[in-house]
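# Model the following, please.
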Amino acid sequence: MTRTARACKELKELCDMAKQIKTGIIGQGRSGRDIHGVYLCKDDRFKIVAVADTLAERRQRAVQEYGCAAYATHVELLQRKDLDLVVNASFSHQHTSITKDILTAGCHVVCEKPLARNVAMVDEMIAAAKKSGRVFAVFQQSRYAPYFQQVQKDIFGLIEDYRYLLWSIYCRVYLLHVRRQAKLLRDVLRDSILRKYFF
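As a prediction, the model looks like this:
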């Protein structure tokens, strides 16, 4: 069994057990609080035990709302030994470095989008996940939402229509080209036969 498979199995077992998944959230802005915090508070499988944010008022609000510990930096948060999962809702330009720190600390991680600025950064995070044997996931909350599914269906429908249209145009152009080539060939052959026998 691969490390990733073991990590997925471990995370699934955590979800299946009566034990709550002890979760930390890095960043208490729009995504960290208004998306992740709101959802995790409503789902009994999760318990928010710690948050990290550079702003003191956000930390105080998190302590009041979640009843958890609050830290000024993610480094302080990651010193805890009771975390199962950490949500990385930090500033976009920090996603790669903080995600690698989370994985190095031995926690599973859900990273907000945008995941990274380039493919090399994504490769670094994947390598860190493989090395740590932990689950590394990108948060895509809209992927299965009805409105997203409809837009996706419409777009793919348009793409299929365009593919058919382009294929149809290609076939017509190709046939036109073949017909022209055949006519040219016929004309060349006719001219060469005429020359051979009559001139």
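# who's in contact with residue 101?
74, 75, 78 (Cβ atoms under 8 Å, 6 or more residues apart in numbering). (Each C-beta comes from the backbone N, C-alpha and C, glycine too.)
# who wins for neighbours among those?
Neighbour counts for the contacts of residue 101 peak at residue 74, which has 24 neighbours (criterion: other Cβ atoms under 10 Å).
# roughly how far apart are that one and residue 90?
7 Å (Cβ to Cβ, to the nearest Å).
# Mutual contacts of these two, please.
26, 98.
# Could you list the low-pLDDT ranges of this protein?
1-18, 141-144, 147-148, 156-168, 170-179, 181-182, 184-199 (pLDDT under 70).
# domain ranges for it?
3-138, 145-199 (automatic domain parsing).
# residues contacting residue 109?
Going by Cβ under 8 Å, 6+ apart, the list of residues near residue 109 reads 85, 86, 87, 88, 99, 102, 103, 129, 134, 135, 136, 137.
# Out of those, which comes closest to residue 31?
residue 87 (8.5 Å; Cβ to Cβ).
# so where does that closest one fall, helix or strand?
Element membership of residue 87, judged by DSSP states H and E, is strand 85-88.
# Pull up the pairing partners for that strand, direction included.
strand 21-26 (parallel), strand 108-111 (parallel) (DSSP bridges).
# What lies in contact with that strand?
11, 21-27, 32, 36, 40, 46, 77-78, 95, 98-99, 102, 105, 107-112, 139.
# What about the contacts of residue 101, which are in helices?
Using DSSP state H, the subset of these located in helices is 74, 75.
# What ranges does the chain have for its strands?
21-26, 46-52, 69-71, 85-88, 108-111, 136-138 (DSSP state E).
# returning to that earlier point: dump the contacts of residue 101 to JSON lines, plus distance to residue 50.
Putting the contacts of residue 101 into JSON lines (distance: Cβ to Cβ, whole Å) gives the following:
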{"residue": "74", "distance to residue 50": "10"}
{"residue": "75", "distance to residue 50": "12"}
{"residue": "78", "distance to residue 50": "9"}
